[in-house]
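*Asks:* No sequence on hand, only this structure:
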Ligand SMILES: NC(=O)c1ccc[n+]([C@@H]2O[C@H](COP(=O)([O-])OP(=O)(O)OC[C@H]3O[C@@H](n4cnc5c(N)ncnc54)[C@H](O)[C@@H]3O)[C@@H](O)[C@H]2O)c1
Ligand SMILES: O=C(O)C[C@H](O)C(=O)O
């Protein structure tokens, strides 16, 4: 499988590295607008191949999309990251134009590609990719929930004092500081509800820490995170490449599911060779459903800013 990753910055390079380490793709093409940057990242990564034992060929290109031709999956990480104190939504002014242009270039050279959108504000950038490309809805997927759920599991394992491999849990809703919905009611440790192990107050702390997971790291790092985001994207690309039908919460264009329309937002979906194979409608209680509606209203509000920007 040939995979294109546009944006060879922190997340794009990390994503390329994890894809190569999993050794399932024949080629990863990194593209960046900065002269020689993607080529340099590709060369550096290729010099880890004999050390890390992978055969994936990583190449770089300065904005030459002919090199990406025939990609089966394309990941959009191009754009600016937030700085401490900013929200993801504040990035819309610059990133909307970049994502629209990049998405068009990808499809021009790889008309059958499945696109994974990472650039922020991710749900709105996913919606923009849908609106500007008009592809079947299963071919454009926003990455946010896979990362947020990984952070939820990290926080839960920390609170329970157990290995992360004991934990199962999921975050749905918008990929924003206020819009994420960590489903604490459904989270388990080896099938046992996590509420059996920690107090309601502690569980609420976990929920709040999960929601601001990206902001917390941005404050510590001075820019946003890249290892877990890169790993989350690589897991989704792997699910497509291997047609694994793994379930991830991810930003999907909804047409009535969860009572929502004309919005891309995080819901559980089965990911396989066709991209989104199925959107899974789980039963939410009234409070969770209210949270999802509130989160969707906020994403729609940000979508409403698109006309002025892209
Ligand atoms: N969805 C998520 O969960 C998630 C997670 C982490 C980061 N992000 C987002 O991903 C984006 C990238 O983050 P980062 O930390 O890698 O930033 P970064 O600055 O390290 O890298 C971005 C790269 O995009 C390149 N770029 C800009 N315009 C371009 C264009 N038109 N064509 C090709 N390349 C272009 C830049 O030159 C830069 O190298 C940000 O918007 C960030 O908010 C999203
Ligand atoms: O926090 C950010 O701005 C980047 C990303 O969305 C994340 O959650 O790490």
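*Replies:* On my side now, so go ahead. Values in this document were obtained by computation on a predicted structure and should not be read as measured data. Numbering: from 1, shown residues only. Ligands and ions are numbered 1, 2, ... in the order given.
*Asks:* immediately after the helix or strand harbouring residue 250, which helix or strand?
*Replies:* Using DSSP states H and E, residue 250 maps to strand 246-255. As assigned by DSSP H and E, the chain's next helix or strand after strand 246-255 is strand 261-272.
*Asks:* Just say helix, strand or coil for the one residue in the stretch 151-300 of the chain that gets nearest to ligand 2.
*Replies:* With C-beta to the nearest ligand atom, the shortest gap between the stretch 151-300 of the chain and ligand 2 falls at residue 214, namely 2.3 Å. All C-beta atoms are positioned from the backbone trio N, CA, C, and that covers glycine. Residue 214 falls in the helix class when you classify it by DSSP: H, G, I helix; E, B strand; the rest coil.
*Asks:* Quick check: it touching residue 178?
*Replies:* No. Residue 214 lies out of contact with residue 178 (C-beta atoms under 8 Å); the separation is 11.9 Å.
*Asks:* Looking at those two, which is more packed in?
*Replies:* residue 214 (26 against 12; other C-beta atoms under 10 Å).
*Asks:* so what's that one closest to, chain neighbours aside?
*Replies:* residue 224 (6.0 Å; C-beta to C-beta, 6 or more residues apart in numbering).
*Asks:* What of residue 9?
*Replies:* residue 77 (6.7 Å).
*Asks:* and the gap between that neighbour and ligand 1?
*Replies:* Distance of residue 77 to ligand 1, given as C-beta to the nearest ligand atom, to the nearest Å: 5 Å.
*Asks:* who are the neighbours in contact with that residue?
*Replies:* When contacts are counted by C-beta atoms under 8 Å, 6 or more residues apart in numbering, residue 77 is found next to 5-7, 9, 11-12, 15, 118-119, 233.
*Asks:* ok, now residue 224?
*Replies:* By C-beta under 8 Å, 6+ apart, the neighbours of residue 224 are 10, 81-82, 120, 214, 217-218.
*Asks:* Then residue 150?
*Replies:* Taking C-beta under 8 Å, 6+ apart as the test, what residue 150 contacts is 228, 231-232.
*Asks:* which of the residues in the strand or helix carrying it are buried?
*Replies:* Using DSSP H and E, residue 150 sits within helix 145-160. Applying a neighbour-count criterion of 16 or more other C-beta atoms under 10 Å, the buried positions in helix 145-160 are 145-157, 159-160.
*Asks:* my read is the residue nearest to residue 214 is in a helix, agree?
*Replies:* No. Counting by three-state DSSP, residue 224 is not part of a helix but coil.
*Asks:* Residue 118 contacts residue 229, doesn't it?
*Replies:* Yes. With contact defined as C-beta under 8 Å, residue 118 counts as touching residue 229 (6.8 Å).
*Asks:* of those two, who's got more company?
*Replies:* The residue with more neighbours, out of residue 118 and residue 229, is residue 118; 29 against 25, by other C-beta under 10 Å.
*Asks:* so what's the more buried one closest to, chain neighbours aside?
*Replies:* Per C-beta to C-beta, 6+ apart, closest to residue 118 is residue 77, 4.5 Å.
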